[in-house]
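Colleague: Got a predicted structure plus its sequence, pasted below:
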Amino acid sequence: MARIKTDLCIIGAGSGGLSLAAGAVQMGARVVLVEGHKMGGDCLNYGCVPSKALLAAAQQAQTVRKGGFGVAPAEPRVDYAAAMAHVHAAIATIEPHDSVERFEGLGVRVIQAWGRFLNDRELEAGGDIIRARRFVIATGSRPVVPPIPGLDAVPYLTNETLFDLRDRPGHLIVIGGGPIGMEMAQAHRRLGAQVTVIEGDRALNRDDPELAAIVLDRLRAEGIRIVEGAQADRVSGADGAITVETGQGTVTGTHLLVAAGRRPALDRLNLDAAGVETTRAGVKVGPDLRSTNRRIYAIGDAAGGMQFTHVAGYHAGVVIRPILLGLPGKAKTAHIPRVTYTDPELAQIGPTEAEARAEHGDKLTVARFDFAGNDRAIAAGRTEGRIKVMVVRGRPVGVSIAGPEAGELIGPWALVLANNLKMTAVANMVAPYPTLGEVNKRAAGAYFSPKLFENPWVKRAVRLIQRLVP
Ligand SMILES: Cc1cc2nc3c(=O)[nH]c(=O)nc-3n(C[C@H](O)[C@H](O)[C@H](O)COP(=O)(O)OP(=O)(O)OC[C@H]3O[C@@H](n4cnc5c(N)ncnc54)[C@H](O)[C@@H]3O)c2cc1C
Ligand SMILES: NC(=O)c1ccc[n+]([C@@H]2O[C@H](COP(=O)([O-])OP(=O)(O)OC[C@H]3O[C@@H](n4cnc5c(N)ncnc54)[C@H](O)[C@@H]3O)[C@@H](O)[C@H]2O)c1
């Protein structure tokens with residue numbers, strides 16, 4: 001047992017904790033990092049990395065299945081275990097970057113144990129007692145397992161166990177039509193499984209319904225059954241034959257994936273002892289991410305806001321200022337993008353059209369452009385898609401994109417919104433031809449066109465000038 005005094009103690013070595021530890025130690029702080037399970041957290045081990053790697057394998061299968069452009073389609077011979085081997089190879093490639101060795105090399109003291117507060121200034125981990133000037137809770141989130149009658153008596157998967165499978169499910173039932181559910185539904189369908197998604201509300205319900213429909217139409221066309229407005233009421237059966245009852249009938253499949261949302265991972269922390277209040281969403285924090293104990297901050301999924309790796313990283317940047325330099329820090333959300341990596345992808349930044357309409361009323365203009373009008377999309381046969389830009393007084397406040405590479409295409413808008421730039425900044429950009437990226441400029445064009453081309457004053461001015469010009 002050691003008594004450790006430090007400047008900063010971070011609990012959780014996932015996306016947020018690792019970013020903060022690396023930044024803080026390299027700026028000269030003494031840093032202790034406490035991790036009870038795997039370095040890299042959810043994103044590396046059970047989240048972003050494995051899900052995107054499996055989607056890549058699924059894309060490969062789909063390319064063969066689809067054929068086209070003179071290449072004959074063929075039913076792909078899928079080796080599911082090999083696809084999962086790719087998933088674990090991707091994790092293994094990234095692992096060293098998040099490892100104990102790398103962080104100790106940077107000068108961080110890493111304690112591999114669960115952390116638990118003893119009081120408002122001390123944390124116990126693996127028998128060591130850490131007294132820190134500041135603590136940061138970066139403990140992430142866990143899958144919600146809803147209290148559906150019968151669920152506890154059947155074998156079910158979550159994102160924490162799905163990537164351990166080596167035999168392809170014959171029929172995967174997914175409870176939850178959010179990003180996890182839809183990404184894993186498409187991955188498994190493309191790898192040859194039958195897939196049914198059961199969603200109590202609308203699938204992809206945080207997104208603009210007009211754009212979500214583009215994605216959902218494709219998923220249905222690929223053979224995924226999506227049952228919406230159907231709460232999973234009861235589950236029964238055993239390994240290989242699991243039945244889910246909903247208000248819209250019953251579904252029987254071989255495997256069940258529960259993707260019904262996330263809850264903050266705070267249970268081991270003994271937060272009462274530290275005077276840290278919580279809500280259902282996470283640690284109760286202000287915009288500065290400080291908890292009800294002024295020495296303790298929370299970042300990432302544990303802070304109860306947007307649950308994304310890039311948000312956890314952003315939070316790390318926000319809290320490092322007050323913790324290390326005594327400067328104010330404030331987390332904002334209006335400029336943060338989010339992407340669901342189905343094919344086509346679904347990307348959003350700021351409010352959707354309905355949300356922007358509710359906030360800005362008549363001041364809102366929505367500019368649209370369809371991928372069907374983009375030459376590169378036509379050449380590549382990838383024309384399913386649309387971009388919508390919500391503009392208020394010449395500045396974009398929100399952007400929604402459904403289409404191929406939507407996650408890449410939203411990048412420039414993240415720059416525009418983060419820097420409060422105007423639509424003219426996008427219109428002034430010259431996009432290389434032919435690229436999908438031209439949709440961004442064309443959306444800006446769609447915003448300015450009515451002002452320029454349907455404006456009688458412009459027409460009158462041009463006629464007058466043409467008469468005067470020699
Ligand atoms: C299937 C899936 C796919 C996803 N895909 C994406 C994506 O494509 N893009 C994206 O941006 N986001 C994605 N996410 C979300 C992303 O994974 C999370 O938002 C991100 O990991 C949050 O980072 P974090 O640092 O808050 O927590 P985590 O990365 O979860 O790290 C928390 C760490 O804290 C540790 N811990 C918990 N309690 C304690 C304790 N008491 N003591 C010590 N250690 C503790 C945990 O073991 C864990 O290692 C996905 C999530 C899932 C589940
Ligand atoms: N691409 C990405 O960036 C990405 C990918 C996956 C996850 N994530 C993050 O993880 C979070 C969690 O993802 P998620 O998909 O688990 O959660 P979610 O909350 O986004 O979606 C869960 C869905 O399950 C439904 N549901 C809940 N209980 C149900 C029941 N009993 N019967 C039927 N439907 C039910 C809900 O209505 C909801 O639509 C995301 O919101 C996101 O922040 C991000």
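Modeller: Received the coordinates, thanks. Ligands and ions are numbered 1, 2, ... in the order given.
Colleague: which bits of the chain sit near ligand 1?
Modeller: With Cβ under 6 Å from any ligand atom as the criterion, the chain meets ligand 1 at residues 11-17, 34-38, 41-43, 46-48, 51-52, 114-115, 138-140, 159, 180, 265, 268-269, 300-302, 307-310, 312, 341. C-beta: built from backbone N, CA, C; applies to glycine.
Colleague: Buried members of those residues into PyMOL, please.
Modeller: In PyMOL syntax, the buried subset of the residues of the chain next to ligand 1 is picked out as below (16 or more other Cβ atoms under 10 Å):
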select buried, resi 11+12+13+14+15+16+17+34+35+36+38+41+42+43+46+47+48+51+114+115+138+139+140+159+180+265+269+300+301+302+307+308+309+310+312+341
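Colleague: Restricted to strands, list the residues of the chain next to ligand 1.
Modeller: When DSSP state E defines the strands, the subset of the residues of the chain next to ligand 1 inside them is 11, 34, 115.
Colleague: Which single one of these is nearest to ligand 1?
Modeller: Gly115 (3.7 Å; Cβ to the nearest ligand atom).
Colleague: which residues touch that closest one?
Modeller: By Cβ atoms under 8 Å, 6 or more residues apart in numbering, the contact list for Gly115 reads 9, 11, 34, 36, 123-125, 130, 268-269.
Colleague: Any chance of JSON lines for those, columns distance to Ser400 and pLDDT?
Modeller: Formatted as JSON lines, the contacts of Gly115 follow (distance: Cβ to Cβ, whole Å; pLDDT from 0 to 100):
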{"residue": "Cys9", "distance to Ser400": "40", "pLDDT": "98"}
{"residue": "Ile11", "distance to Ser400": "36", "pLDDT": "98"}
{"residue": "Val34", "distance to Ser400": "39", "pLDDT": "98"}
{"residue": "Gly36", "distance to Ser400": "38", "pLDDT": "98"}
{"residue": "Leu123", "distance to Ser400": "42", "pLDDT": "98"}
{"residue": "Glu124", "distance to Ser400": "46", "pLDDT": "98"}
{"residue": "Ala125", "distance to Ser400": "43", "pLDDT": "98"}
{"residue": "Ile130", "distance to Ser400": "44", "pLDDT": "98"}
{"residue": "Arg268", "distance to Ser400": "38", "pLDDT": "98"}
{"residue": "Leu269", "distance to Ser400": "37", "pLDDT": "98"}
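Colleague: which of these are close to ligand 2?
Modeller: Applying Cβ under 6 Å from any ligand atom to these, none is adjacent to ligand 2.
Colleague: in the stretch 301-450 of the chain, which spans are helices?
Modeller: Using DSSP state H, counting those that start in this stretch, the helices of the stretch 301-450 of the chain run over 309-320, 353-360, 375-380, 406-409, 411-418, 423-428, 438-453.
Colleague: could you dump those to JSON lines with mean pLDDT and distance to Gly105?
Modeller: Below are those laid out as JSON lines (pLDDT from 0 to 100; distance: least, Cβ to Cβ, whole Å):
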{"stretch": "helix 309-320", "mean pLDDT": "98", "distance to Gly105": "19"}
{"stretch": "helix 353-360", "mean pLDDT": "98", "distance to Gly105": "45"}
{"stretch": "helix 375-380", "mean pLDDT": "98", "distance to Gly105": "43"}
{"stretch": "helix 406-409", "mean pLDDT": "98", "distance to Gly105": "32"}
{"stretch": "helix 411-418", "mean pLDDT": "98", "distance to Gly105": "31"}
{"stretch": "helix 423-428", "mean pLDDT": "97", "distance to Gly105": "41"}
{"stretch": "helix 438-453", "mean pLDDT": "92", "distance to Gly105": "41"}
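Colleague: Look up the closest residue to Gly304, ignoring the ones flanking it.
Modeller: Leaving aside its chain neighbours, Gly304 sits nearest to Gly282 (2.6 Å; criterion: Cβ to Cβ, 6 or more residues apart in numbering).
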